[in-house]
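**Student:** Below: sequence and its predicted model.
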Amino acid sequence: MSEIARNSPDPRLWLKQRSRWSIVEIAFWLAALLPFFLFPAYLTLASQIAIAALFAVSVDLVLGYAGIVTLGHAMFFGLGAYAAGLISKAGWGEPLSGLVMAGVFAGLVGYVASFIIVRVQHLALIMITLGLGILSYELANAMSWLTGGTDGLQGVDTWPLFGAFEFDLWGKTAYSYALAGLFIGVMVCRRMVHSSFGLALRGIRENVRRMPAIGSDYRAHLQTVYAISAAIAGAAGALLTQTTDTVSLDVLSFQRSADVVVMLILGGTGRLYGGIVGAIIFLVARDQLAGINPQYWYFWIGVLLMVVVLVMPSGILGGLARLAGKRD
Amino acid sequence: MSGKTLAAAVFGIGLAWSAAASAQETLKVGVILPFSGPFADAGAQLDAGIKLYMQQNGDEVAGKKIEIIRKDTGGPAPDVAKRLAQELVVRDEVDILAGFALTPEALGAADVATEAKKLMVVMNAATSVVTEKSPYIVRTSLTIPQVNYAFGKWAFEKSGVKEAYTLVADYGPGHDAESSFAKGFTEAGGKIVGADKTPVANPDFSAFVQRVKDASPEAVYIFIPGGAQPAAIGKALAERGLTPPATKILAQGELTHPEALESMGDTAKGIITAFHYTLERDDPLNTEFVKAYRDANGGRSPDLFSIGGYDGMHLIYEALKKTNGDAAGDALVEAAKGMSWTSPRGPMSIDPETRDTIQTIYIREVQEVDGKLQNVIVEEIPDVKDPLHGQAK
């Protein structure tokens, strides 16, 4: 917090300064458009990267900013995915409204779950999130009349975007849609973490016991951020459903919860773009390595992860920021 | 290796590759399978079937060179399977999609086959509905209802069982097996006296087996996934004295797979199973297939996945011969319809209406032959079709 004192006496001014757009950030979003021109054959992969990135950003919000270590966030991703699928199956295939409904639904469930989440910390917290994730997976498995069980949900049919853009084989619509979703999601998070609310979250992460001492209701803050994060994760799940027209139990799996944490650690936690960078590296590496050797590609992911955490403990973005001489 | 040598090597390989490619037209087959994750073994066995067929029959058909591009889904992941199918079509420009060990993945990729008009050969995924999802899907494996409906009928009509109890794993294939066995059994006149479902992951069978014992049925029908479970349930059955001939044990073939038999020991004797492929079937074609497979895979025996991959490649080769190398989806599907051949599993054909497999279902009993337990075929039910097609919806 010494930075505040040094740079400006007024915290609001400091926040404003922090939320200014940097050239790197603008360049990043422009670069996100490059796949349309440079890799038109990779747009489907790009769309799934954008979706994974949005999911990673939602986890970053709770893990990186609020310090809630979660191993069960696929629960909300899956809830959003199933909600979007069921809405579409029920005869309403309009993507935008389906996306909003799925996000709101996941957010509501997240709010309910947050009552348990704020009561526990550390190891117990990991166990609770893990438990919730496994519970939701098994519940979906048991309720096969609703979810289709192991075969996956059948009959999902997403209508063209704005009634005009079909989800095509090349993935042009899918990538545009997923990228727009990611952009909006990141903007919402950006606004949030650069507000006094975001500062309060970091305070909770650094020392939860001191927060009540300065008059901050940390439980309410945690509940809010958890619900918002759940809603964003749900929206990411809904994007996956709508761009692929498939939903299966896999959206709720522990693997997905774990993978997203891996992406976040690769990219760097607590800096929003870390999740995006992590998702890009993880999925591109996976695609390329699995292309070379479909059986043992996970080995190289493991090596990559170890190298990154050993050489750059605060993730790739953290390492880059340190190289550039910036402090967080 | 220095940078220069590496560059030279890469250049050389590139040259060789492009020379080979330009010599004749290549035809690409995209194989989508779970090569990693919980179903990696199924993916590997299926792929070994594909490789063996190509090793035996060369990689050239109708003047074209067959190139296989393998993609890993990493488990039951329909969204990944769909993406891979899309990428194979637009990026790698494959002519045929193949593989698909798991039902959700086959269903996920089905739309791509329809949209891109590519032949899609499903080499395992065993839920009935799969072939109905796209007119470009042809299946060379089995369906669970196909085996178990016929089995249920046989159990009442031929083996004289009047009442049975069903015990199945609590997941999609288990539910399918239970309902189709019960359907065949009750339609023939039998009665289901009780039904139970066991958890898919790490079940403790003792409580379930005790329940079956309390009901003291004439026969119990079991469906569980392969792997470690057959031995576990065999032990639980033996401990409670639920063994043949006092109680008839009926099951789908996984239960008495050779590796499972080894660990079950004598308790397995007398178990009756139904399956479309029997490793021990005495038939020159099968013997040759099993020997070649073991030679190529370090002694590992082929299983249902291997035979699905092997016959799937046969279908692709034969269809291409029929169309003279024309790889258009419509032409290949037309060529595949009604095709019939003799496989190591026995005679089989593709139903022109449903594009599904019609094949012989073998009823086998575990017997001791030369001091070794094995599945001995006691009856063959020829030309069995899937009973569910055309009934859904």
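**Tutor:** Arrived safely. Since we're looking at a predicted model, the values are computed, not measured. Numbers count the residues shown, from 1 in each chain, chains lettered A, B, ... in the order given.

**Student:** Could you use CA atoms for every contact and neighbour count after this?
**Tutor:** Fine.

**Student:** hang on, B:Asn124 packs against B:Ser141?
**Tutor:** Yes: shown here, B:Asn124 and B:Ser141 form a contact pair, counting by C-alpha atoms under 8 Å, at 5.0 Å.

**Student:** Now the common contact residues for those two.
**Tutor:** Shared contacts of B:Asn124 and B:Ser141, defined by C-alpha atoms under 8 Å, 6 or more residues apart in numbering or on different chains, comprise B:305, B:308.

**Student:** With just CA atoms, put the helix or strand harbouring B:Val31 into PDB.
**Tutor:** Applying DSSP states H and E as the criterion places B:Val31 in strand B:26-33. Taking C-alpha atoms only, strand B:26-33 is exported to PDB below (Å, rounded to 0.1, in the frame of the first residue of the first chain):
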ATOM      1  CA  THR B  26      -3.600 -38.900 -50.600                       C
ATOM      2  CA  LEU B  27      -6.900 -39.500 -48.900                       C
ATOM      3  CA  LYS B  28      -7.000 -38.300 -45.300                       C
ATOM      4  CA  VAL B  29      -8.900 -40.100 -42.600                       C
ATOM      5  CA  GLY B  30      -9.300 -38.100 -39.300                       C
ATOM      6  CA  VAL B  31      -9.400 -40.400 -36.300                       C
ATOM      7  CA  ILE B  32     -10.900 -38.800 -33.200                       C
ATOM      8  CA  LEU B  33     -10.400 -40.900 -30.000                       C
END
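
**Student:** Is that strand positioned near chain A?
**Tutor:** No: figure legend: strand B:26-33 not in contact with chain A (C-alpha under 8 Å from any C-alpha of the partner chain); closest approach 9.0 Å.

**Student:** outside of that strand, which residues touch it?
**Tutor:** Contacts for strand B:26-33 (C-alpha under 8 Å, 6+ apart): B:43, B:64-74, B:81, B:84-85, B:88, B:93-101, B:327.

**Student:** Let's see the ChimeraX selection covering just the buried ones among those residues.
**Tutor:** A single ChimeraX command selects the buried members of those (16 or more other C-alpha atoms under 10 Å in any protein chain shown):
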select /B:43,64,65,66,68,69,70,71,72,73,74,81,84,85,88,94,95,96,97,98,99,100,101,327
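
**Student:** ok, and which of the contacts of strand B:26-33 reach chain A?
**Tutor:** Among these, chain A is touched by B:70-72 when using C-alpha under 8 Å from any C-alpha.

**Student:** What mean pLDDT does stretch A:208-216 get?
**Tutor:** Per-region confidence: stretch A:208-216 scores 83 on mean pLDDT.

**Student:** just so I have it, where are all the strands in the stretch 201-350 of chain B?
**Tutor:** Assigned by DSSP state E, counting those that start in this stretch, the strands in the stretch 201-350 of chain B fall at B:219-223, B:248-252, B:272-275, B:340-343, B:346-350.

**Student:** Of all those, which one is nearest B:Asn297?
**Tutor:** Smallest distance to B:Asn297 across those (C-alpha to C-alpha): 19.7 Å, for strand B:340-343.

**Student:** tell me which strands and helices that closest one is in contact with?
**Tutor:** strand B:346-350 (3 or more C-alpha pairs under 8 Å, 6 or more residues apart in numbering or on different chains; DSSP states H and E).

**Student:** Just name whatever secondary elements the strand it packs on is in contact with.
**Tutor:** Using 3+ C-alpha pairs under 8 Å, 6+ apart: strand B:346-350 touches strand B:340-343, strand B:357-369.

**Student:** Redo these as TSV? Include mean neighbour count and mean pLDDT.
**Tutor:** As requested, the helices and strands packed on strand B:346-350 are exported to TSV (neighbours: other C-alpha atoms under 10 Å in any protein chain shown; pLDDT from 0 to 100):
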stretch	mean neighbour count	mean pLDDT
strand B:340-343	16	94
strand B:357-369	23	93
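
**Student:** doesn't A:Ser136 fall inside a helix?
**Tutor:** Yes: with DSSP: H, G, I helix; E, B strand; the rest coil as the criterion, A:Ser136 is part of a helix.

**Student:** Please name the bridge partners of B:Asp169.
**Tutor:** Wrong residue type there; residue B:169 is Ala, not Asp. B:Thr198 (DSSP bridges).

**Student:** Look up how far A:Leu153 lies from the residue in the stretch 201-350 of chain B positioned nearest to chain A.
**Tutor:** Closest residue of the stretch 201-350 of chain B to chain A, C-alpha to the nearest C-alpha: B:Ala201 (10.9 Å). For B:Ala201, the distance to A:Leu153 (C-alpha to C-alpha, to the nearest Å) stands at 21 Å.

**Student:** what about the two, which has more around it?
**Tutor:** Taking other C-alpha atoms under 10 Å in any protein chain shown, B:Ala201 and A:Leu153 do not tie; A:Leu153 has more neighbours (24 against 10).

**Student:** which ones are touching B:Asn324?
**Tutor:** B:Ala62.

**Student:** Could I get the pLDDT score of it?
**Tutor:** B:Asn324 is given a pLDDT of 91.

**Student:** on contacts alone, who are the packing partners of the helix or strand hosting A:Gly291?
**Tutor:** Element membership of A:Gly291, judged by DSSP H and E, is helix A:273-292. Where contact means 3+ C-alpha pairs under 8 Å, 6+ apart, helix A:273-292 is packed against helix A:43-60, helix A:254-267, helix A:297-311, helix A:315-323, strand B:64-72.

**Student:** Next, the angle from it to helix A:297-311.
**Tutor:** Put simply, helix A:273-292 runs at 140 degrees to helix A:297-311, going by axes from the mean of the first three to the mean of the last three C-alpha atoms, to 10 degrees.
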